[in-house]
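1. attaching a predicted model along with its sequence, questions to come.
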Amino acid sequence: MLGPTLEDAMSVDVHKEPSEMNCWPKENCCVCRTPTSYWYGTGPLNVALCPTCATRATADSLPTKAQWIDAERRANKRPSFAAPW
């Protein structure tokens with residue numbers, strides 16, 4: 001037996017949203033910004049994370065929820081007259 005691969009050592013677990021949430025818009029992955037139904041972490045570490053990025057990510061490399069929200073706001077600049085949500 002060769003032991004765990006680098007990919008196994010670096011991956012984090014993600015969980016799919018409950019099926020009753022399928023009608024909601026998907027959030028962008030915190031790494032690649034691809035819309036996804038998968039999430040990592042809980043509380044202040046709860047961020048959208050697609051399965052592809054989860055295979056390459058480490059827990060330490062992921063943003064906090066606050067950092068992720070801030071990055072999404074910067075990426076989705078809205079005019080000042082737009083709704084704040």
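-> Happy to help now that I have it.

2. could you pull out the strands for this structure?
-> Applying DSSP state E to the chain gives strands spanning 15-16, 27-28, 35-36, 38-40, 47-48.

3. need the CA coordinates for stretch 67-74. PDB is fine.
-> In PDB, the C-alpha atoms belonging to stretch 67-74 read as follows (Å, rounded to 0.1, in the frame of the first residue of the first chain):
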ATOM      1  CA  GLN A  67     -13.700  37.400   3.900                       C
ATOM      2  CA  TRP A  68     -15.700  35.500   1.300                       C
ATOM      3  CA  ILE A  69     -18.700  37.900   1.500                       C
ATOM      4  CA  ASP A  70     -16.300  40.900   1.200                       C
ATOM      5  CA  ALA A  71     -14.600  39.400  -1.900                       C
ATOM      6  CA  GLU A  72     -18.000  38.700  -3.500                       C
ATOM      7  CA  ARG A  73     -19.100  42.300  -2.800                       C
ATOM      8  CA  ARG A  74     -16.000  43.600  -4.500                       C
END
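
4. need the contact partners of it.
-> Stretch 67-74 has contacts (CB atoms under 8 Å, 6 or more residues apart in numbering) with Asn28, Cys30, Val47, Ala48, Pro63. Every residue, glycine included, has its C-beta placed from N, CA and C.

5. export these to CSV and tack on neighbour count, pLDDT and distance to Asp70?
-> Below are these laid out as CSV (neighbours: other CB atoms under 10 Å; pLDDT from 0 to 100; distance: CB to CB, whole Å):
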residue, neighbour count, pLDDT, distance to Asp70
Asn28, 19, 95, 13
Cys30, 25, 96, 11
Val47, 22, 96, 12
Ala48, 24, 96, 14
Pro63, 15, 96, 9
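
6. which of those residues sit farthest apart?
-> Using CB to CB, the contacts of stretch 67-74 reach their maximum pairwise distance at Asn28 and Pro63, which is 12.0 Å.

7. buried sites along whichever helix in the chain runs longest?
-> When the chain is parsed with DSSP state H, its longest helix is helix 65-75. Neighbour counts over helix 65-75 (16 or more other CB atoms under 10 Å) mark Lys65, Trp68 as buried.

8. please enumerate the helices of the protein.
-> Applying DSSP H to the chain gives helices spanning 6-10, 51-54, 65-75.
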